[in-house]
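Colleague: Structure for the following, please:
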Amino acid sequence: MEVIHSWSCPRSLSTALMYSFAQRDDIEVLDEPLNASFLKATGADRPYRDEIFASMNLAKHRILGLPSELMSKGKHFILIRNPVHILPSFDKVIPLSFLDVGLADLVSIYSDLCQMGTPPPVIDADDLQRNPEATLRGLCHDLDIPFQASMLKWEAGPIPEDGVWASWWYKTVHESTGFSSPRKYPRVGAQDLI
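Modeller: Okay, here's the model as predicted:
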């Protein structure tokens, strides 16, 4: 079985993208399989920390620097999102920290994959919201898998693959049935800050 690794920061529409891929008839999705390792390695506190450790086999999860075998196997892509959209969403659940937001980790993952000669496709969450079909078609092309129209819609509510943290983070995706239009934020120029 070939593995496709999806790398993103929290609150980047990654769960909606997981729901999209879960609609395919040829893919099995896993919800944040490195979450327990991240919590163990960093000591980051979460209200569901004990549940994660109880539900996951930590022997299978190691993250102190991603092992090269993880990076060298399978296909990879990166989902990015403007921090203007990430930060308020993240702060609704837990207090923000640079470590938790993970932007530096994405840069490292991208850099490592490029150095290995396998630069990953990068998709923008705004593009995914504005034109989900074109964005998913392009991603599928880059991953060398066929696009399936079923990826554009899903039933509202949780899916069996949701992690134990779903009740803290997935309210919006549980209410959704597909990708929604991006939220508009006013642009503030430097002259407005003076």
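Colleague: Burial check on Gly178, number of neighbours?
Modeller: 15 (other CB atoms under 10 Å). Backbone N, C-alpha and C define where each C-beta goes, glycine included.
Colleague: That should have said Asn82, apologies.
Modeller: Around Asn82 there are 13 residues (other CB under 10 Å).
Colleague: and the residue nearest to it when sequence neighbours are not counted, what does it touch?
Modeller: Counting by CB to CB, 6 or more residues apart in numbering, Asn82 lies nearest to Asp126, which is 6.8 Å off, once chain neighbours are set aside. Counting by CB atoms under 8 Å, 6 or more residues apart in numbering, Asp126 touches Arg81, Asn82, Pro182.
Colleague: Assumed Ser6 was part of a strand.
Modeller: Yes: using DSSP: H, G, I helix; E, B strand; the rest coil, the assignment for Ser6 is a strand.
Colleague: State the distance from Phe179 to Leu13.
Modeller: As judged by CB to CB, to the nearest Å, Phe179 and Leu13 stand 7 Å apart.
Colleague: Please disregard the earlier target; I meant Lys75.
Modeller: The separation that Lys75 has from Leu13, given CB to CB, amounts to 19 Å.
Colleague: Would you tell me which one of the contacts of Asp126 comes nearest to Asp105?
Modeller: Arg81 (14.1 Å; CB to CB).
Colleague: Helices along the protein, start to end?
Modeller: 14-22, 35-42, 49-55, 68-72, 83-91, 98-101, 103-115, 125-130, 132-143, 166-169, 171-175 (DSSP state H).
Colleague: for this structure, which spans come out with low pLDDT?
Modeller: Across the chain, the ranges flagged by pLDDT under 70 are 1, 31, 33-39, 41-68, 89-100, 165-166, 168, 183-194.
Colleague: try it again with 50
Modeller: For the chain, applying pLDDT under 50 flags the ranges 57-64, 193.
Colleague: quick revisit: neighbour count for Lys75 and Leu13, which is higher?
Modeller: Shown here are Lys75 and Leu13; by other CB under 10 Å, Leu13 has more neighbours (26 against 16).
Colleague: Excluding chain neighbours, what is closest to that one?
Modeller: Nearest to Leu13 is Ala125, by CB to CB, 6+ apart, at 4.3 Å.
Colleague: Tally up the residues packed near the one you found, please.
Modeller: 24.
Colleague: Surely it and Ser12 touch.
Modeller: Yes: counting by CB atoms under 8 Å, Ser12 is a contact partner of Ala125 at 5.4 Å.
Colleague: where do the contact lists of those two overlap?
Modeller: With CB under 8 Å, 6+ apart, Ala125 and Ser12 have common neighbours Leu79, Ile80, Arg81.
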